Every structure is written in structure tokens, then in C-alpha cells.
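A.B. asks: show me the folded form of this:
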Amino acid sequence: MKAAYDRELDLVNISPNAVPPVCKIMDYGKYRFEQAKREKDAKKNQKIIDIKEIRLGLSIDTHDFETKGRHALRFLKDGDKVKVSIRFRGRELGHPEVGYDIMTRFAEFCSEYASVEKAAKMEGRNMLMFLAPKSGK
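C.D. replies: Alright, predicted model coming up:
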């Protein structure tokens, strides 16, 4: 403690359970500042991936389909995942194969920038499919 006091530094207990306990003489305020700075830099470099949703109808026309597809491509280029959903209403529930056709067409439309993370699947009245951006794009 006297050596740390003479140098105007702090005596930091690194390993209190060791026999004998391990201590280090350092400027604790500077150490805490540098540690916080490293954590801030690591947090800044993180990429947060959002999930964007595109809703399609069962009787979607070609222009609407292409517009929704372009929106999905924009999301994928930004590095976000895309959740594609179709809501079945009334008698549409009797024709899930039409929904599967639309989903496969949508996956082919986005195939240049996306890979299918989770294939089209019925969940209640909705059909869901997840697209993830291809790495390197």
C-alpha cells in the first residue's frame, strides 16, 4: 500500500481468492475510462438486424407483387431480414397451394439478394416465410 501511495496510484485487488491475494498498482480511474471506451467502440461496431414484414394478399396482381418485391429487396440490401406473410380470409383457407405458389414466386424474385431462412409454412390463418440477406452482398 505504501508503494502505491508513494507513486500516487491505486492498489487494485485482482484475485482476492488466491493465496496470497494478487494485487496490482495502477491508476484505477484511467483503467475504468479505457474499459468504458473499449465497450463503447465494441457497441458502435455491432450490426443490429431488424425484421421487416411484407404482407401479401392471395389475389395479388403483378404490379403490386413487383412493388412489394422491390421493398423487400431494399430491406435485404440494408441487411435486414424480411418476414413475408399472407393472411387467408374466408374461403381462401381452402386453397393454401395458391399461397405456396405466391411464396415461391416471391422467393425467386428475391433470390439474388436473399436466401430462404425458413420456408413457407401455415400458422393458423397466416402463411409465413422468412428471408435472410445473402452474405457478401
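A.B. asks: per the record, what domains does this protein have?
C.D. replies: For the chain, the structural domains run 2-44, 51-133, going by automatic domain parsing.
A.B. asks: turn those into JSON lines, columns for mean pLDDT.
C.D. replies: As requested, the domains of the chain are exported to JSON lines (pLDDT from 0 to 100):
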{"stretch": "domain 2-44", "mean pLDDT": "88"}
{"stretch": "domain 51-133", "mean pLDDT": "92"}
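A.B. asks: just name the most buried of these.
C.D. replies: domain 51-133 (a mean of 16; mean count of other CB atoms under 10 Å). Where you see a C-beta, it was placed from the backbone N, CA and C, and this is true even at glycine.
A.B. asks: could I get the full set of strands for this structure?
C.D. replies: Taking DSSP state E as the criterion, the chain carries its strands at 10-15, 22-26, 51-56, 81-87, 114-123, 126-133.
A.B. asks: nearest to Phe75, of these?
C.D. replies: Nearest to Phe75, of all the strands of the chain, is strand 51-56, at 4.3 Å by CB to CB.
A.B. asks: what packs against the closest one?
C.D. replies: Counting by 3 or more CB pairs under 8 Å, 6 or more residues apart in numbering; DSSP states H and E, the packing neighbours recorded for strand 51-56 are helix 62-77, strand 81-87.
A.B. asks: C-alpha coordinates for it, CSV please?
C.D. replies: Coordinates of the C-alpha atoms in strand 51-56 are reproduced here as CSV (Å, rounded to 0.1, in the frame of the first residue of the first chain):
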residue,chain,number,x,y,z
ILE,A,51,-37.0,-8.0,-39.1
LYS,A,52,-39.2,-6.1,-41.7
GLU,A,53,-42.5,-7.5,-42.7
ILE,A,54,-44.1,-7.7,-46.1
ARG,A,55,-47.8,-8.6,-46.3
LEU,A,56,-49.1,-10.1,-49.4
